[in-house]
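> below is the structure, and that's it, no one-letter string:
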DNA sequence: AGGCGTACCTGAGGGC
DNA sequence: TGCCCTCAGGTACGCC
């Protein structure tokens, strides 16, 4: 599931690959995947506009356009943003209707490389075509993801909380976010209106690193516990970005490549296996309707 | 307002 | 073998 480190990795790859490119058209295979204020087809709204840069806010990919508008993409669980480059040699004519009305079937095995635009990427719900033949595919097996064309005045970013890796996210700021809250600390970490970008994997990992029970009420954490957690959050997220994210299910970056952080996870998905710190058996419980992986022995504070 | 339950959607995996 | 059932996940929305 793409969380902050995965979305950051995708955004960096997209910024490198599509910045400066000009939109030509779009194909929308699933209308619910796209949200626009105006009724015109997405391709008509985008044609002629140019990508200024690609960035991130929380778990959202933001594709800034020179017109001042933004394509804001939420990948939810299984969404992917994949860049397909046209073949370098003499351009072969793309077969019309190469992508079916609901996108092509899944391949027998995951793609190791991204095929050129003439080969449809599996589960594509929206395809954005640039004038140079490059294609940006928004693919999503479970169809929870959304792509929104936001106007400059929309102010959507105000719904999202602090960026945990920003300089402004100080320990004092983090403490303020927890003060007086009775909700379990893990549920609070997942609340995008407070802190933006943390999902189930990194919430579990940060709480383990800080030796804090995930079901403890947020407002009850002592100052030392809050400090450990603050530092753990920033450390885990920064290390995960360095390793280009975590590929537990099917996350891949804009080049179709898997991340590396799944190889160094401490607790997520490891119920029944020994804790690497105290050797006791890790458990899976449910907190706020979410699977939660932790160590009952050494996460006791 | 905060906290909680449910809908959304599909593939994976267990049970028979 | 193959069908049926349940579950996982992040967020929006409705309810108390």
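Looks like it arrived, so ask away. Everything numeric in this text was worked out from a predicted model, so none of it was measured.

> show me the beta-bridge partners of the nearest residue to residue A:53 once chain neighbours are set aside.
Spatial nearest neighbour of residue A:53, excluding adjacent residues (CB to CB, 6 or more residues apart in numbering): residue A:64 at 5.1 Å. Backbone N, C-alpha and C define where each C-beta goes, glycine included. Taking DSSP bridges as the rule, residue A:64 bridges to residue A:53, residue A:70.

> so which bits of chain A are right by DNA strand C?
A:1, A:3, A:58-59, A:74, A:76-77, A:142, A:144, A:159, A:190, A:192, A:199-201, A:289-291 (CB under 7 Å from any atom of the strand).

> helices - which of those residues land there?
The members of the residues of chain A next to DNA strand C that map onto helices under DSSP state H are A:190, A:200-201.

> by neighbours, which of those residues wins?
Counting neighbours by other CB atoms under 10 Å, the top entry in those is residue A:201, with 24 neighbours.

> pLDDT value on that one, please?
Residue A:201 carries a pLDDT value of 91.

> does it touch residue A:268 like I think?
Yes - using CB atoms under 8 Å, residue A:201 is in contact with residue A:268, at 4.7 Å.

> any residues in contact with both of the two?
A:246, A:248 (CB atoms under 8 Å, 6 or more residues apart in numbering).

> tell me which residues touch residue A:203, please.
Residue A:203 neighbours (CB under 8 Å, 6+ apart): A:186, A:189-190, A:214.

> DNA strand B versus that one, what's the distance?
15 Å (CB to the nearest atom of the strand, to the nearest Å).

> what does residue A:147 give?
Residue A:147 is 15 Å from DNA strand B, by CB to the nearest atom of the strand.

> what segments of the stretch 1-150 of chain A are strands?
A:23-28, A:34-36, A:51-57, A:60-65, A:70-74, A:79-84, A:124-130, A:135-140, A:146-150 (DSSP state E, counting those that start in this stretch).

> for the ones you listed, give me CSV that also has mean neighbour count.
Output for these, formatted as CSV (neighbours: other CB atoms under 10 Å):
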stretch, mean neighbour count
strand A:23-28, 18
strand A:34-36, 17
strand A:51-57, 19
strand A:60-65, 22
strand A:70-74, 23
strand A:79-84, 24
strand A:124-130, 23
strand A:135-140, 25
strand A:146-150, 21
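
> which of these comes out lowest on mean pLDDT?
Looking at the strands of the stretch 1-150 of chain A, the weakest mean confidence is strand A:34-36, a mean of 89.

> what comes into contact with that strand?
A:28, A:42, A:45, A:126, A:146-149.

> report the two of those residues separated the most.
A:45 and A:146 (15.8 Å; CB to CB).

> any idea which of the strands of the stretch 1-150 of chain A gets closest to residue A:247?
Between the strands of the stretch 1-150 of chain A, strand A:79-84 lies closest to residue A:247; by CB to CB that is 11.5 Å.

> and that closest one, what does it pack against?
helix A:4-18, strand A:135-140 (3 or more CB pairs under 8 Å, 6 or more residues apart in numbering; DSSP states H and E).
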